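1. Generate a structure from the sequence data that follows.
(one chain, ligands or ions: 1)
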Amino acid sequence: MTNLSLSDELVLRERILERLAHLRDQSGGTVTRAQLANFEIDGQRLPLIDQGRGIRNPRDFHATLSILSKQDGQYDDRQVDQGYYVYAYQRDSAEGDNRKLRAAIAPSLPMILLRWLEAGVFVPIFPVYAVADDPTARIFLIALDESLRFIPDPQNLKEQVKQYAEQVTRRRLHQPVFRASVIRAYETRCAVCHLHHGELLDAAHIMPDSHEAGVPHVSNGLSLCKIHHAAYDQNLMGIRPDNVVEINRELLEERDGPMLKYGLQRMHGSTITLPRRKLEHPDPEALAWRYNQFQAS
Ligand SMILES: [Zn+2]
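-> Numbering: from 1, shown residues only. This next block holds a predicted model:
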């Protein structure tokens, strides 16, 4: 039995997502298991994760609130199929879990996909929607975007829709995971100026996405504040393969206010702060390729 009406539940879900977005943005894209377990709304504790289970079904809710991705490798998304997340039935738990996920389909209730990043850390993807149930394959399909909610027969997409769905996966899943991984590797700081505010940080690509070597791995990224990201993209700031920052010659000679003086000119000749793990350091070859573009401009 549930105490909430469906419309009240929808309003509550939207407020939960808003608050979750705030938590996620503060850290630069991730939430911890502790934040999810101690989540509160209106002074009431409402965990967004179920300890030990891959699905969170609050008792008063009509349907599932969150599902957990498997603890796969960081960039392994075998569970994704053309814009839809393939969620296997809960095997070792009561049919109740699957029933509650099924109950999210018809009213199209927004849910949260907790994408596992590392022990105790998740990239929350939302809103996602359960759109189909395949009892033979024992799977649910979860749409990663509102636009994919009402496409008929999601298990047999037409070629054009397929391409669109792949773009959605990139935008809604792969890009947020890349961003969160990079910012987390740099401990939520700008590699150049150390600014420690997730809301003001970006994951900059060293080799652009469009380049064939522009892989979405942390070693092809830099955690940069908005200003340094823009300066890097515009070749007003370069980073040498030995991790030293250079500011564009002309910009060094300009005279202006404190942002130019302290934010840019003072960074010339400094060394960027590197992630603790060697594996996550920027790839010197990628830096060299990019530094050539800076010099040429
Ligand atoms: Zn910065």
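2. burial measure for the residue of the stretch 1-150 of the chain found nearest the ion, as a count.
-> Among the residues of the stretch 1-150 of the chain, residue 28 lies closest to the ion, at 12.9 Å counting by C-beta to the ion. C-betas here are computed from N, CA, C, even on glycine. Neighbour count for residue 28, taken as other C-beta atoms under 10 Å: 24.
3. residues in contact with it?
-> Taking C-beta atoms under 8 Å, 6 or more residues apart in numbering as the criterion, residue 28 is in contact with 179-180, 183-184, 188, 198-199, 201, 223.
4. Can you give me the distance of it to residue 16?
-> 21 Å (C-beta to C-beta, to the nearest Å).
5. hang on, the earlier thing: so what pLDDT did the residue of the stretch 1-150 of the chain closest to the ion get?
-> Looking at residue 28, its pLDDT reads 96.
6. That one and residue 176, how far apart?
-> 11 Å.
7. How about residue 243?
-> For residue 243 relative to residue 176 (C-beta to C-beta), the value is 26 Å.
8. If we go by neighbour counts, what in stretch 24-32 is buried?
-> Residues of stretch 24-32 classed as buried: 24, 27-31 (neighbour count, 16 or more other C-beta atoms under 10 Å).
9. I meant to write stretch 165-178 there.
-> So, applying 16+ other C-beta under 10 Å, buried residues of stretch 165-178: 165-166, 168-169, 172-174, 176-178.
10. pretty sure residue 87 is in a strand, no?
-> Yes. Assignment of residue 87 by DSSP: H, G, I helix; E, B strand; the rest coil places it within a strand.
11. so the residue nearest to it when sequence neighbours are not counted is in which element?
-> Using C-beta to C-beta, 6 or more residues apart in numbering and skipping residues adjacent in sequence, the residue nearest residue 87 is residue 140, 4.5 Å away. If you go by DSSP states H and E, residue 140 is part of strand 139-143.
12. So what's the model's average confidence on that strand?
-> 91.
13. Give me the secondary structure label for residue 130.
-> strand.
14. Take stretch 79-90, keep the C-alpha atoms, and write them as CSV.
-> What follows is stretch 79-90, C-alpha atoms only, in CSV (Å, rounded to 0.1, in the frame of the first residue of the first chain):
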residue,chain,number,x,y,z
GLN,A,79,24.9,-2.4,-20.5
VAL,A,80,24.1,0.3,-23.1
ASP,A,81,22.4,-0.5,-26.3
GLN,A,82,21.7,2.4,-28.7
GLY,A,83,20.5,5.1,-26.3
TYR,A,84,18.8,2.6,-23.9
TYR,A,85,20.3,1.2,-20.8
VAL,A,86,19.7,-2.5,-20.5
TYR,A,87,18.9,-3.4,-16.9
ALA,A,88,18.7,-7.1,-16.0
TYR,A,89,16.0,-8.3,-13.7
GLN,A,90,17.0,-8.5,-10.1
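15. Return the set of buried residues in that stretch.
-> By neighbour count, with 16+ other C-beta under 10 Å as the criterion, the buried positions of stretch 79-90 are 79-87, 89-90.
16. Regarding residue 289, what is its secondary structure?
-> helix.
17. How about it: what's its closest non-neighbour residue?
-> For residue 289, the closest residue by C-beta to C-beta, 6+ apart turns out to be residue 207, at 6.0 Å.
18. go on, residue 61?
-> Excluding its sequence neighbours, the residue lying closest to residue 61 (C-beta to C-beta, 6+ apart) is residue 9, at 5.9 Å.
19. Give me the neighbour count for the nearest residue to residue 247 once chain neighbours are set aside.
-> Distances taken as C-beta to C-beta, 6+ apart place residue 268 nearest to residue 247, at 4.2 Å, with adjacent residues excluded. Residue 268 has 15 neighbouring residues, counting by other C-beta under 10 Å.
20. Could you number the chain from 579 rather than 1 from now on?
-> Yes, from this point I'll number from 579; that puts the last item at residue 846.
21. Would you map the strands across the stretch 679-828 of the chain?
-> 689-696, 699-712, 717-721, 779-783, 799-803, 815-817, 823-825 (DSSP state E, counting those that start in this stretch).
22. need the residues of the chain near the ion, please.
-> With C-beta under 5 Å from the ion as the criterion, the chain meets the ion at residues 768, 770-771, 773, 803, 806.
23. same thing but 6 Å
-> Residues of the chain lying close to the ion (C-beta under 6 Å from the ion) are 768, 770-771, 773, 802-803, 805-806.
24. Narrow the residues you listed to those in helices?
-> Applying DSSP state H to these, the entries found in helices are 805-806.
25. got the residues of the chain next to the ion as CSV, with neighbour count and pLDDT columns?
-> Listed next are these as CSV, based on neighbours: other C-beta atoms under 10 Å; pLDDT from 0 to 100:
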residue, neighbour count, pLDDT
768, 25, 98
770, 25, 98
771, 20, 98
773, 19, 98
802, 29, 98
803, 22, 98
805, 18, 98
806, 27, 98
